[in-house]
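# give me coordinates for this.
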Amino acid sequence: GVSIRQAQTRVRELIGAFDLDPNRVLDLVVDTLESEVTSLVAKGQGGDVGDLFAHAPLHATPVRVLLGIVSDLKRDSLPHLLGFKYANYAAGAGGATPPTLHLTTALLILHGLVDPAQLVPHLSPAVDALRAQYEDYQDAYLTK
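This next block holds a predicted model:
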């Protein structure tokens, strides 16, 4: 198996050797992470993310390595990258947002790799629209 440190070093070496765009590498790593989460969900017996990791130990190691690689890359663009993925689904380009993207985002938040507050501007509906919907709900149902 590959250690997290070895994977981080190897990715940095590949970025430097081939003059790769670190943001594109980050995008690919997040896509790979989502693919691993998809495998965990497919093999899981249901339950929460912790249960999925417990029931799929062969997949848990790649997920930890991928999270380590994300932590080593420049993460400033991570909220924008995730926001683009969510916006793409919201625009109808890919259908409904897959639950695995939500789980992947939750893992990134859980591991301190992205701040949820930085994602809010990229999500839809906008906070103001949600507030207006809630106020309409209150007016229609709670004040009667």
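# chain neighbours aside, what residue packs nearest to T104?
E34 (4.5 Å; Cβ to Cβ, 6 or more residues apart in numbering). (C-beta placed from N, C-alpha, C; glycine too.)
# okay, now the one you found: neighbour count?
19 (other Cβ atoms under 10 Å).
# contact partners for it?
Going by Cβ atoms under 8 Å, 6 or more residues apart in numbering, E34 touches 98, 100-101, 104.
# from memory V120 sits against V127, does it?
Yes. The criterion here is Cβ atoms under 8 Å, and V120 meets it with V127 at 6.4 Å.
# what's the pLDDT at G83?
Looking at G83, its pLDDT reads 93.
# the helix or strand it falls within packs against which elements?
Using DSSP states H and E, the element containing G83 is helix 78-90. Secondary-structure packing of helix 78-90 (3 or more Cβ pairs under 8 Å, 6 or more residues apart in numbering; DSSP states H and E): helix 22-43, helix 99-110, helix 116-119.
# and the longest one with helix 78-90, angle?
Put plainly, it is helix 22-43. 60 degrees (axes from the mean of the first three to the mean of the last three Cα atoms, to 10 degrees).
# and helix 22-43, C-alpha only, in PDB?
Extracted C-alpha coordinates of helix 22-43, given in PDB (Å, rounded to 0.1, in the frame of the first residue of the first chain):
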ATOM      1  CA  PRO A  22      -2.600  22.200  -9.700                       C
ATOM      2  CA  ASN A  23      -6.300  23.200  -9.900                       C
ATOM      3  CA  ARG A  24      -7.000  20.600 -12.600                       C
ATOM      4  CA  VAL A  25      -5.200  18.000 -10.500                       C
ATOM      5  CA  LEU A  26      -7.300  19.000  -7.500                       C
ATOM      6  CA  ASP A  27     -10.400  18.600  -9.700                       C
ATOM      7  CA  LEU A  28      -9.300  15.100 -10.800                       C
ATOM      8  CA  VAL A  29      -8.500  14.100  -7.200                       C
ATOM      9  CA  VAL A  30     -11.900  15.300  -6.000                       C
ATOM     10  CA  ASP A  31     -13.500  13.300  -8.900                       C
ATOM     11  CA  THR A  32     -11.600  10.200  -7.900                       C
ATOM     12  CA  LEU A  33     -12.600  10.800  -4.300                       C
ATOM     13  CA  GLU A  34     -16.200  11.000  -5.300                       C
ATOM     14  CA  SER A  35     -15.800   7.700  -7.300                       C
ATOM     15  CA  GLU A  36     -14.400   6.000  -4.200                       C
ATOM     16  CA  VAL A  37     -17.300   7.300  -2.200                       C
ATOM     17  CA  THR A  38     -19.700   6.000  -4.900                       C
ATOM     18  CA  SER A  39     -18.000   2.500  -4.500                       C
ATOM     19  CA  LEU A  40     -18.500   2.700  -0.700                       C
ATOM     20  CA  VAL A  41     -22.200   3.600  -1.100                       C
ATOM     21  CA  ALA A  42     -22.700   0.800  -3.700                       C
ATOM     22  CA  LYS A  43     -21.100  -1.800  -1.300                       C
END
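# many thanks, have a good one.
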